[in-house]
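Peer 1: got a predicted structure plus its sequence, pasted below:
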Amino acid sequence: MNIVIFVANRKQVFFIILNLQAYNLLNRTMSKTLFDKVWDAHVVQHIENGPDVLFIDRHLVHEVTSPVAFLGLKNRGIKVLYPERTFATADHNTPTRNQHLPVKDKLSANQLKALEENSKAHNIPYWGLGHEKNGIVHVIGPENGITLPGATIVCGDSHTSTHGAFGAIAFGIGTSEVEMVLSTQCIMQPKAKSLRINVNGNLSIGVTPKDVALFIISKLTTSGATGYFVEYAGDVFRNMSMEGRMTVCNLSIEMGARGGMIAPDEKTYEYIKGREYTPKGDAWEKAMEYWQTLHTDEDAVFDKEISFDASEIEPMITYGTNPGMGIGIQNGIPQAEAVEGGAATYKKSLQYMAFNEGDAMIGKPIDFVFLGSCTNGRIEDFRAFASIIKGRKKADNVTAWLVPGSHRVEEAIKEEGILDILNQAGFELREPGCSACLAMNDDKIPAGKYAVSTSNRNFEGRQGPGSRTLLASPLVAAAAAVTGKVTDPRELMELQTV
Amino acid sequence: MAYDKFNTLRSSAVPLPIENVDTDQIIPARFLKATERKGFGDNLFRDWRYHPDNTPKEHFVLNNPIYSGKILVGGKNFGSGSSREHAAWAVYDYGFRCVVSSFFADIFRNNCLNIGVLPVQVSAEFLDKIFKAIESNPDSELEISLPEQTITILETGESEGFAINDYKKENMLNGFDDIDYLLNIKKGIQEFAQDTPL
């Protein structure tokens, strides 16, 4: 739109500004963002100066955040309203070895038993340990076609944002809200503000979706998107695989956002077509018609918009105790003065990590490598890891835990011959689950030890009391696993092409 | 489950002037294994509060007897990370009824509101004043009025307003929860569901 501003006369300037506001207002009423379209289609009731009653299409349940919610239903004497919209799996506290044996930890076993019994009592499909569909809740949702464009999806887990990769509104909720969804299929929340993050251009070699996400979080900080729902747009996300999009959307919560989403396209439809819980026949055709309307209108206005150039992004690694404390792997740890926020908190964080301002990350010795989690536990992540370690050997000083996101991922690892590559390089594969990402099971990084981890959080003690986490991509994790120290994966990639 | 009514709270406060306090610090994952909501207060800030051998870390604020009260005052971006409601339960179970910060993570704020802990967001300047007041006198009292939507440092009389939507305010004043509301409109929800394919 061309606007000519006459600055000669104050009244005229004022007049033009008013017109702009009217134009924006008009735009908002006519044009919608992707987020608006999906949200508005699910509002059962709007409460003035309060929340919206939002209808939830599909609800994922796991053993840790659900028992108290089921207890709430029991106390009220009510049943799950729509069990056919509810899916349960065991993932958070489960062992990653000997899953065929009874779970040794009594409290964990108790939670698993509670979920199994609650699922049975309420007629909810339960994919427990050993079930062919078992796996991390955010891996099995897409695998089974539970995750669909335009759907509202919740789970008592903050990384529910993963499912936004399909153009769904998906976000984590607390246990009180789990109880709300079980009993009424609704939650009550005010609509979030909208933020579009554009990344255009081409990614360099060795730069993965994980690096894109860690880069964005490092720019926005862990609270930079709080109060917003993100739409990722631009070449980089269009060109990204569905699994890559899942990694990016997964990490939305790490910049404080409620969730993140990407408009569905041919890749999305191709991924979901034919999966168990996707619509079939006429229902598929009808759904496709609707899904094709799920994009942000050209003149829709976001509350905030940020753009980055893909060429700025390098393989990333974190050095501190929140996911916003990330840098390009070749860079040094920033000085406290250069960082936004309190210097005291920053220094406390480096002290925990036993790092110093100005230290180079390259060459720092490490003790553990964790490949897995809802962030990077899919087949493409294992392919990437294998591409680096192929023909090399695991470093002697490294303990590596490679944990597939699901049994389906585990099967693919075997079918594609990746397991052989891993074994030849001295690695072993574990059984699926959340594992060392949150260390609720026995997979705990010991105090003081450094882990290069493909998971999502480097908080103090997240991977075990006293553990020190360096978040990175599967490529960076693989490079660390074979060299025993922080290494730029591009060096190893170049070697391989010779 | 309905919860305690919240009207006006006058209490001394416990200061935690650290930014980005995440829910893994508030309650580490290994303490999330209960199937009932009780006893979480014992593990509030577990790894900041206790050594690995379970002896108290004497420098941590919860182990310092000069600080007490029903209000927890935290640095910017309080409650980031995991959606575990256990974090809010731990805060409540320990005895806090209100958390004050200059910025809250979304899910933690929601979880607090859903169990009857009032999150009060103040300006960075006012947060600084609160920390200073407690530093100079650990018995300094704060008064939080939900009807008036104000927080006051009683010693100095300095006061600031805070935001809460009318619906949540009404709920907290009366101890109502969202499930009661939703169950009351269940028929409307079921009609809505009929037009919403799986």
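Peer 2: Noted; the coordinates are in hand. The structure presented is a predicted model; accordingly, all values stated were derived computationally and were not measured.
Peer 1: from here on, just use CA atoms for contacts and neighbour counts.
Peer 2: Will do.
Peer 1: now do the SS call for the residue of the stretch 201-350 of chain A found nearest chain B.
Peer 2: Nearest to chain B in the stretch 201-350 of chain A, going by CA to the nearest CA, is A:Thr345, at a distance of 5.9 Å. Classification of A:Thr345 using DSSP: H, G, I helix; E, B strand; the rest coil returns helix.
Peer 1: quick one, what contacts it?
Peer 2: A:Thr345 sits next to B:18-19 when contact means CA atoms under 8 Å, 6 or more residues apart in numbering or on different chains.
Peer 1: show the pLDDT at it.
Peer 2: Note on A:Thr345: pLDDT of 92.
Peer 1: with B:Arg97 instead?
Peer 2: B:Arg97 is given a pLDDT of 98.
Peer 1: roughly how far does it sit from B:Val117?
Peer 2: Note on B:Arg97: its distance to B:Val117, by CA to CA, to the nearest Å, is 5 Å.
Peer 1: for the two, indicate the residue with more neighbours.
Peer 2: B:Val117 (26 against 22; other CA atoms under 10 Å in any protein chain shown).
Peer 1: can you list the residues of the stretch 151-300 of chain A near chain B?
Peer 2: The stretch 151-300 of chain A comes close to chain B at residues A:156-158, A:172-176, A:179-180, A:183-186, A:188, A:222-223, A:226-227, A:253-254, A:256-258, as judged by CA under 8 Å from any CA of the partner chain.
Peer 1: helices - which of the residues you listed land there?
Peer 2: Within those, residues falling in helices by DSSP state H are A:175-176, A:179-180, A:183-184.
Peer 1: how about the biggest helix by length in chain B against chain A, any contact?
Peer 2: Ranked by residue count and defined by DSSP H, the top helix of chain B is helix B:124-136. No. Residues of helix B:124-136 are not located near chain A by CA under 8 Å from any CA, the shortest gap being 11.4 Å.
Peer 1: sec struct for A:Ala400, please.
Peer 2: strand.
Peer 1: confirm that A:Val199 sits in a strand.
Peer 2: Yes. The assignment for A:Val199 (three-state DSSP) places it in a strand.
Peer 1: how about the helix or strand hosting A:Ser218 as CSV, C-alpha atoms only?
Peer 2: A:Ser218 belongs to helix A:209-220 when assigned by DSSP states H and E. Extracted as CSV, the C-alpha positions of helix A:209-220 are listed here (Å, rounded to 0.1, in the frame of the first residue of the first chain):
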residue,chain,number,x,y,z
PRO,A,209,16.6,-27.7,12.3
LYS,A,210,17.9,-28.0,15.9
ASP,A,211,20.5,-25.3,15.2
VAL,A,212,17.8,-23.0,13.7
ALA,A,213,15.8,-23.3,16.8
LEU,A,214,18.7,-22.8,19.2
PHE,A,215,19.7,-19.8,17.2
ILE,A,216,16.3,-18.2,17.4
ILE,A,217,16.1,-18.9,21.2
SER,A,218,19.6,-17.4,21.7
LYS,A,219,18.3,-14.2,20.0
LEU,A,220,15.0,-14.0,21.8
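Peer 1: check which element follows it along the chain.
Peer 2: Counting by DSSP H and E, the element after helix A:209-220 in chain order, helix or strand, is strand A:228-233.
Peer 1: what are the pairing partners of that next one, and which direction each?
Peer 2: Using DSSP bridges, the strands paired with strand A:228-233 are strand A:193-200 (parallel), strand A:259-261 (parallel).
Peer 1: which residues touch the first one?
Peer 2: Surrounding strand A:193-200, the residues in contact under the criterion CA under 8 Å, 6+ apart are A:35, A:225, A:227-237, A:302-310.
Peer 1: just the buried subset of these, please.
Peer 2: Neighbour counting by 16 or more other CA atoms under 10 Å in any protein chain shown classes A:35, A:225, A:227-237, A:302, A:308, A:310 among the contacts of strand A:193-200 as buried.
Peer 1: what pairs with the lengthiest strand in chain B, and is each one parallel or antiparallel?
Peer 2: The longest strand of chain B (DSSP state E) is strand B:8-16. Sheet pairing of strand B:8-16 (DSSP bridges) gives strand B:71-74 (parallel), strand B:141-145 (antiparallel).
Peer 1: unless I'm mixing things up, A:Phe368 is touching A:Thr454, no?
Peer 2: No. Using CA atoms under 8 Å, A:Phe368 is not in contact with A:Thr454; the gap is 11.4 Å.
Peer 1: the two - which one has more neighbours?
Peer 2: When neighbours are counted by other CA under 10 Å, A:Thr454 comes out ahead of the other of A:Phe368 and A:Thr454, with 29 against 24.
Peer 1: where's B:Leu173, which helix or strand?
Peer 2: Using DSSP H and E, B:Leu173 sits within helix B:166-174.
Peer 1: pLDDT on that helix, on average?
Peer 2: Mean per-residue pLDDT for helix B:166-174: 96.
Peer 1: can you list contacts of it?
Peer 2: Contacts of helix B:166-174 (CA under 8 Å, 6+ apart): A:47, A:49-51, B:4-7, B:113, B:116, B:146-147, B:176-177.
Peer 1: for the following helix or strand past it, the distance to its chain's centre please.
Peer 2: Sequence order places helix B:178-184 as the next helix or strand after helix B:166-174, per DSSP H and E. Centroid displacement of helix B:178-184 relative to its chain, using CA atoms, centre = their mean, to the nearest Å, is 23 Å.
Peer 1: what about helix B:178-184, average pLDDT?
Peer 2: On average, helix B:178-184 scores 95.
Peer 1: give the buried residues for stretch B:191-198.
Peer 2: B:193, B:198.
Peer 1: among the contacts of helix B:166-174, who's most crowded?
Peer 2: Neighbour counts for the contacts of helix B:166-174 peak at B:Gly116, which has 25 neighbours (criterion: other CA under 10 Å).
Peer 1: mind listing what that one touches?
Peer 2: Applying CA under 8 Å, 6+ apart, one finds that B:Gly116 lies in contact with B:3-6, B:97, B:172, B:175.
Peer 1: how about the helices in the stretch 1-150 of chain A?
Peer 2: Ranges of helices in the stretch 1-150 of chain A, per DSSP state H, counting those that start in this stretch, are A:10-30, A:34-40, A:67-76, A:106-122, A:137-143.
Peer 1: against which helices or strands is the last one packed?
Peer 2: Secondary structure elements in contact with helix A:137-143, counted by 3 or more CA pairs under 8 Å, 6 or more residues apart in numbering or on different chains; DSSP states H and E, are strand A:58-61, helix A:373-376.
Peer 1: please repeat the previous calculation with a cut-off of 6 Å.
Peer 2: Applying 3 or more CA pairs under 6 Å, 6 or more residues apart in numbering or on different chains; DSSP states H and E, we find helix A:137-143 packed against no helix or strand.
Peer 1: ok, the contacts of helix B:166-174 vs A:Gly332, which is closest?
Peer 2: B:Leu113 (41.2 Å; CA to CA).
Peer 1: tell me if that closest one really is in a helix.
Peer 2: Yes. According to three-state DSSP, B:Leu113 belongs to a helix.
Peer 1: per-residue confidence for it?
Peer 2: Predicted confidence (pLDDT) for B:Leu113: 96.
Peer 1: and it, how far from A:Gly320?
Peer 2: From B:Leu113 to A:Gly320 the distance is 30 Å (CA to CA).
Peer 1: residues touching A:Ala336, list them.
Peer 2: Neighbouring residues of A:Ala336 by CA atoms under 6 Å, 6 or more residues apart in numbering or on different chains: A:Ala343.
Peer 1: where are the low-confidence patches of chain B?
Peer 2: Counting by pLDDT under 70, chain B has low-confidence residues at B:1-2.
Peer 1: kindly report the residues of it close to chain A.
Peer 2: Residues of chain B lying close to chain A (CA under 6 Å from any CA of the partner chain) are B:18, B:29-30, B:33, B:35-36, B:82-85, B:111, B:165-167, B:179.
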